[in-house]
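Colleague: structure for this input, please:
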Amino acid sequence: MSEDLYQEQIIEAAYNPANMGELGEFDVATREVSNSCGDAFSVQIKLSTDKTVVEDLKWQGNGCAIGMAAMSLVSSACLKKPTSLILKWGEKEMLESLSLDQISPSRSKCMMLGLRTIQSCLKKL
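Modeller: Okay, the predicted model is just below:
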């Protein structure tokens, strides 16, 4: 595990999150809540005309530093990416985005909530 779980990248992404807000027009939206801690995120996604690429994504919500940082980073990573690719992402991709080697199971739930919310949204298509 990284020496300092709350390294600079995580702190920066948590306190200055990317893509936070609301879209005026979107194709699909959803909300997910972590039963273990109460963290919650809502996502709105605008897709390409053929519904295969994420054109824009905005989110709102609250969570711990890991959850907020992970949502910020994964929301940026999704932009202009095929939905089929995003649906394949998992813990490995999330750890890489946070520059972590591993994370405890309880913190993994926080880290995965943003991706889980985005994937849940895309599964509605």
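Colleague: show me the contacts for Phe41.
Modeller: 31-32, 59-61, 63, 67, 71, 113-114, 117 (CB atoms under 8 Å, 6 or more residues apart in numbering). All C-beta spots, glycine's among them, are computed from the backbone N, C-alpha and C.
Colleague: hmm, which two among those are most spread apart?
Modeller: Arg31 and Gly67 (14.1 Å; CB to CB).
Colleague: the more surrounded of the two?
Modeller: Gly67 (24 against 14; other CB atoms under 10 Å).
Colleague: quick one: secondary structure of the residue nearest to that one when sequence neighbours are not counted?
Modeller: By the measure of CB to CB, 6 or more residues apart in numbering, the closest residue to Gly67 outside its immediate chain neighbours is Cys110, 4.2 Å from it. The three-state assignment at Cys110 reads helix, by DSSP: H, G, I helix; E, B strand; the rest coil.
Colleague: now do the one 5 residues further on
Modeller: The three-state label given to Leu115 by three-state DSSP is helix.
Colleague: now it. Nearest residue, chain neighbours left out?
Modeller: Val74 (5.1 Å).
Colleague: same deal with Lys51?
Modeller: That would be Leu125: by CB to CB, 6+ apart, it lies 5.9 Å from Lys51.
Colleague: check which helix or strand covers Cys121.
Modeller: In the assignment (DSSP states H and E), Cys121 maps to helix 105-122.
Colleague: same for that helix, what does it pack against?
Modeller: In this structure, helix 105-122 makes packing contacts with strand 28-33, strand 40-47, strand 54-62, helix 65-78, helix 83-86, helix 91-97, judged by 3 or more CB pairs under 8 Å, 6 or more residues apart in numbering; DSSP states H and E.
Colleague: kindly recompute the last result at 7 Å.
Modeller: Judged by 3 or more CB pairs under 7 Å, 6 or more residues apart in numbering; DSSP states H and E, helix 105-122 is in contact with strand 28-33, strand 40-47, helix 65-78, helix 83-86, helix 91-97.
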